[in-house]
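Trainee: below is the structure, and that's it, no one-letter string:
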């Protein structure tokens, strides 16, 4: 568990830098990172001196004991009990004034209201956003985290293989997603973020949530998978064709792969996210398709399939600042960007570890406009 | 599409009552309810005069046209474009002052910040929470909505059958979830909310997110499924046993089913949620298990598998007031409440339509501590 104590110590240093006395976390990904356990309806109050107090549903006390790193724990019966337990910890740690960090980018107002309820928070304690602290902590992955992402990448490959194998005219997008998800769970995923399967004209929309649309011969099919294995994600997307692609589809796909591979080739410590984005978009523009691009092509991943570093154009939405140049052992997904040269789109996406001298691609399914059936 | 125009008209009436000039929605469930299309990264500005303006990713314009009811639509390229498009609609509708409703219970601060950005919202326009309006609108289901929930209930039954059939020593919780999800997608689900599969000691925790734990002979296994079919959910849970249950497990389960059936028997128009909760908890308390209960047993469902009416103890968390007495054609899940008489828990849950004279149970999988293997 020393890894969690180390992370908690680093969190304390950042709290000092940001003028915080403690943080209260409820976002499962942040709880998992700092304590080893990230469950729903739980919270951790972490002081800058490195003390960790947990509050969990009463039912979960024994289970959490076996999973999490902590100094104090209470079980609560309901919302009121949760609020009172927070007041108890403020008292316990002697925090009667000062500043406490909350996850502004995660908490809608009612939940923010619970954590700052007058029965929970001393009136003289101010609150401040701790999103930048948690993003900074989680940005650079250690060896174990990268290994977990590698395993998740293998699981994504198994899911992609099963999805592509299932493709034939008449199957629904949802059924293709079923094959991918089933294979990912068989291969060791305990969970996954939403699987995207979009076909035909739906390959041109921004978020290809699967529907009951039935695949037809000639359709492109865009599949994007995000398994969670040992708490960590990977992100891989591929576009394939039901039957033989047209020359126009093949040309668009080949251009996309050229752009993707050129961009991945530039990934290394010191590069700016924006340079990578301009590289990818630049290949499309040079081929006369500047008007056929949508979306920033790169985002970070780790515990979440989309996390810091986030592109400037998405950062506001997520409550983040524009990212600094990439450093070694940040993990990114490259290719989250559609190219729409016809009444359809193409998109491949891969998970890449930023190496000191170059990219380390961890999702290794072949890039080819595979002809299914 | 007249159903959406009727709903938009009702929304306008509620806006008048609440002193709102317009609402801006980004929550997919609310967008789906009022426009017929609920996608990610989109918004609708709806005036109290019943005008609907949509903003969607540029890529999605054609797709949305075929799905949604609206008067105006713009496609945007990025966050900045989205903000400017909102400013455009304020101008278009002549809203220079007054009050606009936002989904406080859904929007974390960065997203709230986008919708209220000085480049989007006129300074003289105040904002207010529109969560209560949307909850009131969606509370009572029409015939078509109830039919969709019935179909989703059949899909949950198919998922449950497949999950239970797969149970044997050595299979992981995640693999059991895989069987349920696969069967639900085959049966017509386009999506599902997180499936819970908890086994052995994990049946006692509040949220049984599946893990890689392998089932053992003698384990109880709690399965809770939430398919989405035609945009609507059902919610069904069952507890089964790997091999023969012990007498203590059987007794706990029989008590649970007695409590569940007694509670469901009292469901009808006019009943208070709290009465139903006290009925269910009362059966446990009478049997000497008052200390072994966790959680309020009832919540509403519809487009979301958990929506208004919410129990008083959860309502705060979701930004809702305590609910009024139930009325006909509200749909609820009964049984979202664990009984923990041993180092394990039991729980069955069913989807029930509130009838004028009694309950209409739509999830019909048998209630029996099924002995698997």
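Mentor: Cool, the structure landed. Just so it is clear, the structure is predicted and the values come from calculations on it, not from any experiment. Numbering: from 1, shown residues only, chains lettered A, B, ... in the order given.

Trainee: CA only for contacts and neighbour counts going forward, please
Mentor: OK.

Trainee: quick check: domain ranges of chain A?
Mentor: Domain segmentation of chain A under automatic domain parsing yields A:2-138, A:140-372.

Trainee: ok and the residue in chain A nearest chain B?
Mentor: residue A:108 (4.1 Å; C-alpha to the nearest C-alpha).

Trainee: partner residues bridging residue A:222?
Mentor: residue A:198, residue A:239 (DSSP bridges).

Trainee: show me what contacts it?
Mentor: By C-alpha atoms under 8 Å, 6 or more residues apart in numbering or on different chains, the contact set of residue A:222 is A:196, A:197, A:198, A:199, A:203, A:208, A:237, A:238, A:239, A:240, A:346, A:347.

Trainee: once you drop chain neighbours, what's closest to residue A:69?
Mentor: Leaving aside its sequence neighbours, residue A:69 sits nearest to residue A:35 (C-alpha to C-alpha, 6 or more residues apart in numbering or on different chains; 4.9 Å).

Trainee: and the one you found, how many residues sit next to it?
Mentor: 22 (other C-alpha atoms under 10 Å in any protein chain shown).

Trainee: same question, residue A:371
Mentor: 16.

Trainee: my guess is it contacts residue A:249, does it?
Mentor: No - using C-alpha atoms under 8 Å as the test, residue A:371 is too far from residue A:249 to be in contact (11.6 Å).

Trainee: about what we covered before: for the contacts of residue A:222, which one is nearest residue A:296?
Mentor: Nearest to residue A:296 out of these is residue A:347 (C-alpha to C-alpha; 12.3 Å).

Trainee: what about the closest residue to the closest one other than its chain neighbours, distance to residue B:365?
Mentor: Leaving aside its sequence neighbours, residue A:347 sits nearest to residue A:338 (C-alpha to C-alpha, 6+ apart; 5.2 Å). Separation of residue A:338 from residue B:365 (C-alpha to C-alpha, to the nearest Å): 44 Å.

Trainee: one more: residue A:94?
Mentor: From residue A:94 to residue B:365 the distance is 53 Å (C-alpha to C-alpha).

Trainee: who touches the strand or helix carrying residue A:185?
Mentor: Following DSSP states H and E, one finds residue A:185 within helix A:173-186. Residues from elsewhere that reach helix A:173-186, judged by C-alpha under 8 Å, 6+ apart: A:155-156, A:158-164, A:166-167, A:191-192, A:195-199, A:210-215, A:225, A:227, B:174-175, B:178-179, B:181-182, B:185-186, B:189-191.

Trainee: mind checking which of the residues you listed are buried?
Mentor: A:155-156, A:158-160, A:162-164, A:166-167, A:191-192, A:195-199, A:210-215, A:225, A:227, B:174-175, B:178-179, B:181-182, B:185-186, B:189-191 (16 or more other C-alpha atoms under 10 Å in any protein chain shown).

Trainee: rewinding a little: in the sheet, who's paired with the residue of chain A closest to chain B?
Mentor: residue B:108.

Trainee: could you point out the longest helix in chain A?
Mentor: helix A:143-166 (DSSP state H).

Trainee: check the offset of it from the chain's centre.
Mentor: 15 Å (C-alpha atoms, centre = their mean, to the nearest Å).

Trainee: quick one: it to helix A:173-186, angle?
Mentor: Relative orientation of helix A:143-166 versus helix A:173-186 (axes from the mean of the first three to the mean of the last three C-alpha atoms, to 10 degrees): 140 degrees.

Trainee: and the residue lying closest to residue A:71 once chain neighbours are set aside, how many neighbours?
Mentor: For residue A:71, ignoring the flanking residues on the chain, the nearest one in space by C-alpha to C-alpha, 6+ apart is residue A:52 at 5.3 Å. Neighbours of residue A:52 under the rule other C-alpha under 10 Å: 23.

Trainee: then residue A:28?
Mentor: Counted with other C-alpha under 10 Å, residue A:28 comes out at 17.

Trainee: hmm, it is touching residue A:39, no?
Mentor: Yes - taking C-alpha under 8 Å as the definition, residue A:28 is a contact partner of residue A:39 at 5.4 Å.

Trainee: three-state assignment of residue A:226?
Mentor: strand (DSSP: H, G, I helix; E, B strand; the rest coil).

Trainee: which residues does it contact?
Mentor: A:156, A:192, A:193, A:194, A:195, A:233, A:234, A:235, A:236, A:305.

Trainee: now residue A:81: which helix or strand?
Mentor: Assigned by DSSP H and E, residue A:81 falls in helix A:79-92.

Trainee: list the buried residues in the next helix or strand after that helix.
Mentor: Downstream of helix A:79-92, the next assigned helix or strand under DSSP H and E is strand A:98-102. Buried residues in strand A:98-102, counted by 16+ other C-alpha under 10 Å: A:99, A:100, A:101, A:102.

Trainee: make JSON lines from those residues and add distance to residue A:115 and pLDDT to it.
Mentor: Output for these, formatted as JSON lines (distance: C-alpha to C-alpha, whole Å; pLDDT from 0 to 100):
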{"residue": "A:99", "distance to residue A:115": "13", "pLDDT": "98"}
{"residue": "A:100", "distance to residue A:115": "11", "pLDDT": "98"}
{"residue": "A:101", "distance to residue A:115": "11", "pLDDT": "98"}
{"residue": "A:102", "distance to residue A:115": "8", "pLDDT": "98"}
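
Trainee: the residue of chain A closest to chain B contacts residue B:104, doesn't it?
Mentor: Yes - checked against C-alpha under 8 Å, the pair residue A:108 and residue B:104 is within contact range at 6.3 Å.

Trainee: compare those two (neighbour count), which wins?
Mentor: Using other C-alpha under 10 Å, the more surrounded residue of residue A:108 and residue B:104 is residue A:108, with 23 against 20.

Trainee: quick one, what contacts residue A:188?
Mentor: A:155, A:229, B:212.

Trainee: and the last one, how far from chain A?
Mentor: In this structure, residue B:212 and chain A are 6 Å apart, going by C-alpha to the nearest C-alpha, to the nearest Å.

Trainee: how about that residue, nearest residue that isn't a chain neighbour?
Mentor: Using C-alpha to C-alpha, 6+ apart, the nearest residue to residue B:212 is residue B:172, at 5.1 Å.

Trainee: number of nearby residues for the residue nearest to residue A:199 when sequence neighbours are not counted?
Mentor: The shortest distance from residue A:199 to any non-neighbouring residue, by C-alpha to C-alpha, 6+ apart, is to residue A:221 (4.3 Å). Residue A:221 has 30 neighbouring residues, counting by other C-alpha under 10 Å.
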